[in-house]
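Visitor: Let me see the structure of the following:
(2 chains)
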Amino acid sequence: MASTETTTSGSKQMTFDLNLVPFIDILSTCICFLLMTTIWVQIGVFNVSQAIGSEPPAGGKNPPSVIVEMKNSGLVEISLKDVEGMNKPQAQDISPGATGDVNWLAVETSIDSIGARVPNIKTVLVMPSAKTKYDDVIRMMDLLKKRKLDQIGIAPLAGS
Amino acid sequence: MQTSLKQTQIASPLMAQSALQPKGHTANRVLVSSLMLTSLVDAFSILVIFLLMSTQNGIELELKKTEKLPMATAVDGIEKSIVLRIEGDRYFIDDEPVGERELAKALIAAKDKFESGLLNKAKAALLVQADREMDFVALSPVLHAGSAAGLSQFKFAAIEGQRPRQ
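Guide: You can find the predicted model right below:
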């Protein structure tokens, strides 16, 4: 592996050459192994903080919130609650798209307009129906989170 | 004239290495050139370290071939949590099958086990792994049971990516 050089005068030099070829072999094998065992699909988690059944303090003011109700057949109802200067909750129905799914473009527009009207709104309650696809629930929460509505809760079905 | 030209000719290292008619200094003619391997080793080491670091994950999620996770953009990295897998109408907590009615009880036990770990003092979170085509009716009991078990952090396994626009 290591070899010492002998000069013409017979004295041994202390410098030596390290044989790097086996080292490169090991590193190449390592790289091949790691490349072949790497998972290329990036899996992450979507975080949701659910409120645990504690009652709000008496006389406490509820923060402004959005309630997104995902009904069957792609119908979505978005309503505003506890917004200052608004006496009763305002609701908007979004009809399903041409394919019968949720009209995501209309939902995005509606959420954007809510964000523009009430900038300090952060709380959202998503209320899916029994037949709502799990993918649609995640997509809805993702859409809301991207628009800075990050205090998201999901309402489970009553009696389940 | 020719001799004077030869005298002024610049010594060529290539001509000196010629095996047929070497010109110039031929005393230290070396035909085997050594490759500088140190930089190659450096590059390989960096690659190995990078690959080792990028493949480090908190936990592993076992995905079935038929299982397709939902897609999301606002995702975080996977951290150690209680993993609850939903397959159709069956539930598995850390790969142990659990009935729908026993979900809350099993989650309380899993939470106690998770939080009583000597090394792990973190608050338990529930990681839900389910197929994207599943109906919400299968997820709802998990939310009920999680709340009953005192779990406030829910994590939904998702593939990081942008959906095509409608």
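Visitor: Number of residues surrounding whatever residue of chain B ends up closest to chain A?
Guide: Of all residues in chain B, B:Val75 sits closest to chain A, at 3.0 Å by C-beta to the nearest C-beta. Where C-beta positions appear, they are placed from N, C-alpha and C, glycine not excepted. B:Val75 is flanked by 23 other residues according to other C-beta atoms under 10 Å in any protein chain shown.
Visitor: Might one say that it is in contact with A:Val45?
Guide: Yes - counting by C-beta atoms under 8 Å, A:Val45 is a contact partner of B:Val75 at 6.1 Å.
Visitor: which secondary structure element contains the residue nearest the centre of chain A?
Guide: Nearest to the mean C-alpha position of chain A, by C-alpha atoms, centre = their mean, lies A:Phe46 at 3.9 Å. Element membership for A:Phe46 (DSSP states H and E) is strand A:43-49.
Visitor: Now tell me what touches that strand from outside.
Guide: A:138, A:141-142, A:145, A:151-154, B:61, B:63, B:69, B:72, B:74-79, B:81, B:127, B:152-160 (C-beta atoms under 8 Å, 6 or more residues apart in numbering or on different chains).
Visitor: Quick check: next helix or strand after that strand?
Guide: Taking DSSP H and E, what comes next after strand A:43-49 is strand A:65-70.
Visitor: so how far is that following strand off the chain centroid?
Guide: Taking C-alpha atoms, centre = their mean, to the nearest Å, one finds strand A:65-70 lying 19 Å from the centre of the chain it belongs to.
Visitor: Same check on stretch B:95-103?
Guide: Distance, centroid of stretch B:95-103 to centroid of chain: 30 Å (C-alpha atoms, centre = their mean).
Visitor: which residues are in contact with both of B:Val75 and A:Val45?
Guide: B:Ala158.
Visitor: The chain: strands as residue ranges?
Guide: Answering for chain A, as no chain was given. A:2-6, A:12-18, A:43-49, A:65-70, A:76-81, A:90-94, A:123-128, A:151-154 (DSSP state E).
Visitor: ah, no, chain B please
Guide: Taking DSSP E as the criterion, chain B carries its strands at B:71-72, B:82-87, B:90-93, B:96-98, B:126-130, B:153-160.
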